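# this one's sequence-less:
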């Protein structure tokens, strides 16, 4: 019954979805309405609604968005959400008189994964080890080296976790960046090449339907949360998490937007970044607009350029804007 309701509401909202088509039973494809999909090729459709057990989910292979059908519908046509919720959950605790917005976690069984990674942390390596030297050359804080690992054979490490990918090659050494959920369950990890490689980053998800956010196991929800793209960048800021892609707004799957400040990379000529920032401002997010004095692209580059962590925190604090002021600063910042 629940699948029938999901399908019914998807078809109702389908006129708003560009190039909407049904690929096969319970698999639908269209241009992603969240990121606008590919700007280079208007025929590409990377947004998918698919079925898992008795529920529909949404995933975009362009911006990385991944969410329940409820959350997707809320973003595409919020006017339908209450009707959908009342229909979908009318037999549960969300009756017409005590309606409350269901959370993604309420109708998804959260898997439990082994959190132990059987590798040496960067902190445990000898000071002269090339992986530790690499991290120190990037000025990664000493206290963060225990959160990163060294894999002498990335493919073997992935296979031990029962994961496969055509991107994996034998005997490739990589820096391991683990992604945990709030309960400290390992849900994904990223392997950063430490030598010449066609793939600088390889990200493998233990559960394809679990959203990957770096720092969920250390973030304090009672304090302001800073959201950046790169996991390594997040290590230089207080109470920061990383989305591992440029769609920083996806963090609302974990936190209310009133708790977060979005810190996009400083790329005023990058059309994708500019578009995502513009949308974030329209959606009333607190957002950092980098001042002209900042010339480097991301947090790590700024650190390597000579800024201290304290200086960057101060710059971020003084250049965080919302609504009209954000629009004014954004117009002056962008170069496209």
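Perfect, thanks for sending it. All values derive from a computational prediction rather than experimental measurement.

# now do the contacts for residue 12.
Residue 12 makes contact with residue 80, according to CB atoms under 8 Å, 6 or more residues apart in numbering. C-betas here are computed from N, CA, C, even on glycine.

# ok, it to residue 264 distance?
From residue 12 over to residue 264 the distance is 34 Å, taken as CB to CB, to the nearest Å.

# helices along the stretch 51-200 of the chain, start to end?
69-76, 81-88, 130-137, 154-160 (DSSP state H, counting those that start in this stretch).

# now, of those, which is deepest in the fold?
Among the helices of the stretch 51-200 of the chain, ranked by average contacts under mean count of other CB atoms under 10 Å, first place goes to helix 69-76 (a mean of 21).

# just the pLDDT for the spatially most central residue of the chain.
In the chain, the centroid-proximal residue (CA atoms, centre = their mean) is residue 243; its distance is 2.7 Å. At residue 243, the model reports a pLDDT of 94.

# then residue 108?
Residue 108 is assigned 44 on the pLDDT scale.

# cool, and residue 260?
Predicted confidence (pLDDT) for residue 260: 96.

# grab the nearest non-local neighbour of it.
Of all residues beyond its chain neighbours, the one nearest residue 260 is residue 225 (4.8 Å), with distances taken as CB to CB, 6 or more residues apart in numbering.

# then residue 133?
Spatially, and ignoring its direct neighbours in sequence, residue 133 is nearest to residue 127 (7.9 Å; CB to CB, 6+ apart).

# how close does the one you found get to residue 163?
31 Å.

# tell me the domain ranges of this protein?
Domain segmentation of the chain under automatic domain parsing yields 2-107, 120-205, 225-333.

# of those domains, give the one that comes closest to residue 216.
Closest approach to residue 216 among those is made by domain 120-205 (5.2 Å; CB to CB).

# what's the first-to-last distance across the closest one?
Counting by CA to CA, to the nearest Å, you get 21 Å between the two ends of domain 120-205.

# off-centre distance for that domain?
Computed by CA atoms, centre = their mean, to the nearest Å, the chain-centroid distance of domain 120-205 equals 18 Å.

# mean confidence score for it?
Taken as a whole, domain 120-205 has an average pLDDT of 92.

# kindly report the same for stretch 24-40.
Mean predicted lDDT for stretch 24-40 stands at 87.

# now do the end-to-end distance for it.
Criterion CA to CA; first-to-last residue distance in stretch 24-40 is 27 Å.

# buried set for it?
28-37 (16 or more other CB atoms under 10 Å).

# quick revisit: spit out the contact partners of the residue nearest to residue 260.
When contacts are counted by CB under 8 Å, 6+ apart, residue 225 touches 219, 239-241, 251, 255, 259-261.

# who's in contact with residue 19?
Going by CB under 8 Å, 6+ apart, residue 19 touches 29-31, 43, 45.

# mind checking how far it is from residue 271?
For residue 19, the distance to residue 271 - CB to CB - is 21 Å.

# got it, and residue 20?
Distance of residue 20 to residue 271, given as CB to CB: 25 Å.

# who's more crowded, those two?
Comparing residue 20 with residue 271 by other CB atoms under 10 Å, the one with more neighbours is residue 20, at 18 against 12.

# from what I can see the more buried one touches residue 28, true?
Yes - look at residue 20 against residue 28 with CB atoms under 8 Å: they come within range, at 6.8 Å.

# need the overlap of contacts for the two.
Common neighbours of residue 20 and residue 28 (CB under 8 Å, 6+ apart) are residue 14.

# what's the local residue count around residue 316?
Neighbours around residue 316, by other CB under 10 Å: 18.

# wait, doesn't it sit right on residue 289?
No - counting by CB under 8 Å, residue 316 stays clear of residue 289, with 10.3 Å between them.

# how about stretch 179-193: buried residues?
Under the neighbour-count criterion of 16+ other CB under 10 Å, stretch 179-193 has 179-181, 185-193 buried.

# end to end, how far does that stretch reach?
End-to-end distance for stretch 179-193, by CA to CA: 17 Å.

# contacts for that stretch, please.
Contacts to stretch 179-193, defined as CB under 8 Å, 6+ apart, come from residues 110-115, 117, 151, 154, 158, 172, 174-178, 199-207, 210, 212-214, 216-217, 231-232, 244, 254.

# please repeat the previous calculation with a cut-off of 7 Å.
112-115, 151, 154, 174-178, 199-207, 210, 212-214, 216-217, 231, 244 (CB atoms under 7 Å, 6 or more residues apart in numbering).
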